[in-house]
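1. With the input below, show me the fold.
(one chain, ligands or ions: 3)
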Amino acid sequence: MSEILKRTLLICCYLVVFCCAVCSQKTTGRVHAVIISGGMNKLMNHERYWNDCAFLYRTLREVYQIPQQDITLLISDGGEAGRDMLLADGSGFASSPADLDGDGERDVWLPATLQQVEASLTELAARLTPDDRLLLFLTDHGGTDNGQQAYAWMWGSQRLYDTQLAQLLDAFHVASMSIVLGMCNAGWFINHLQRENRVIATSCTGDEQSWECRDRAYDEFVYHWTCAIAGRDSDGNSINSDANGDGYISMAEAFDYARQHDRREETPQYCSTPATLGDGWTLSPFSNDGMLDSPQTEHSRTAQCYDLQGREIPIHIATKRRSAQIVYAKQSAGRSSFMIIKPSRIWRR
Ligand SMILES: [Ca+2]
Ligand SMILES: [Ca+2]
Ligand SMILES: [Ca+2]
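-> Numbers count the residues shown, from 1 in each chain. Ligands and ions are numbered 1, 2, ... in the order given. Below you'll find the model as predicted:
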């Protein structure tokens, strides 16, 4: 075999392993979504919060076909008849519309009181399994107690503190979580919520306020985040948030899209543990084909992985089916999914 042919074959091997690495990091499992909008009280419960929830709910139902029973809605007064919402046009108050997804059917949701949020999350934590994944989305007012603790306002002017939410989420034994927080001081929550197998996106840092859109009744960061996962804006116009063109919107892509399109005085924050989790976490119901969680095998000692700065990245290689070699790379720094796989020798199956 000529040297040129050998080199060509070796390059092909690198490309196969690299493509497998990029394509195989999709996170699997059924998604259960929790959408929370506390609103505080009718004076503070802006119409845009309901819009944020409705846009996401519609997206989960229409784009991702997530069943109603897999979406827990906790919004202001829980759909009671009383007026609970400040209208965006300044004309006064109204009761939150009962139909969130615009299909003409009344949707059922629970009140976003502290007690109900605690009860719902506790019940879900007991019900969901390690095969499930959780999406937690929260749009709301937020604040801090003299910079000591941050909170989100629940209905009835109750506070859901960062430590309390952390405790509630720690009771879950799901495969992974995606957490999206849109309130003021949301970045403060990251230190308390950060855990293995969680990806967190917030509208702002712990010291910043979070803002509404200037041109429509939505909140700026969560609006663009929802546009990203929907692949369209609230008017139905297509947008492109699939940066790598693989047909799926990852949490990393959704965050990048929202951050790039955020026009307000806020600095969105992102935290993925491990760093590559958000690159593969999508709302799509993948089959188990892409699931990779194998321990180190003998193959893992036969290859090295480097990021584009030349730093070595620890990798795990699993053998899947008869012909596929799949690489799962954990990056120690940064979020870029670009990497170079360099086998030190060609292994045999
Ligand atoms: Ca109401
Ligand atoms: Ca409906
Ligand atoms: Ca993508």
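2. quick one, strands of the stretch 201-349 of the chain?
-> 269-273, 303-306, 312-313, 315-320, 324-329, 340-343 (DSSP state E, counting those that start in this stretch).
3. Stretch 97-115 vs ligand 1: in contact?
-> No: for stretch 97-115 and ligand 1, the contact criterion (C-beta under 5 Å from the ion) is not met; the two come no nearer than 8.7 Å. (Each C-beta comes from the backbone N, C-alpha and C, glycine too.)
4. what does that stretch contact?
-> For stretch 97-115, contacts defined as C-beta atoms under 8 Å, 6 or more residues apart in numbering pick out 36-39, 50, 53-54, 57-58, 61-62, 68, 72-80, 116, 120, 154-156, 158-160.
5. still on that earlier bit, worst average pLDDT in the strands of the stretch 201-349 of the chain?
-> If the strands of the stretch 201-349 of the chain are sorted by mean pLDDT, strand 324-329 sits at the bottom with a mean of 34.
6. show me which of the contacts of stretch 97-115 neighbour ligand 1.
-> Within the set of the contacts of stretch 97-115, contact with ligand 1 (C-beta under 5 Å from the ion) is found for 77, 80.
7. Please pick the buried ones from the contacts of stretch 97-115.
-> A residue is treated as buried here by neighbour count (16 or more other C-beta atoms under 10 Å); on that basis the buried members of these are 36-39, 50, 53-54, 57-58, 61, 72-79, 116, 120, 154-156, 158-160.
8. Return the subset of the residues you listed lying in helices.
-> When the buried ones among the contacts of stretch 97-115 are checked against helices using DSSP state H, the ones located there are 50, 53-54, 57-58, 61, 116, 120.
9. Okay, helices next: where are they in the protein?
-> According to DSSP H, the helices that the chain contains are 3-23, 47-62, 114-127, 162-170, 189-193, 220-230, 251-261, 277-280.
10. Burial-wise, tell me which of the ones you listed comes out on top.
-> Among these, ranked by average contacts under mean count of other C-beta atoms under 10 Å, first place goes to helix 220-230 (a mean of 27).
11. Quick one: list the elements packing against it.
-> With contacts taken as 3 or more C-beta pairs under 8 Å, 6 or more residues apart in numbering; DSSP states H and E, helix 220-230 sits against helix 47-62, helix 251-261.
12. Off-centre distance for the last one?
-> Per C-alpha atoms, centre = their mean, to the nearest Å, the displacement of helix 251-261 from the mean C-alpha position of its chain is 10 Å.
13. Next: the longest one.
-> Distance of helix 47-62 from the chain centroid (C-alpha atoms, centre = their mean) equals 15 Å.
14. report the angle between the axes of it and helix 220-230?
-> Compare the direction of helix 47-62 with that of helix 220-230 by axes from the mean of the first three to the mean of the last three C-alpha atoms, to 10 degrees and you get 10 degrees.
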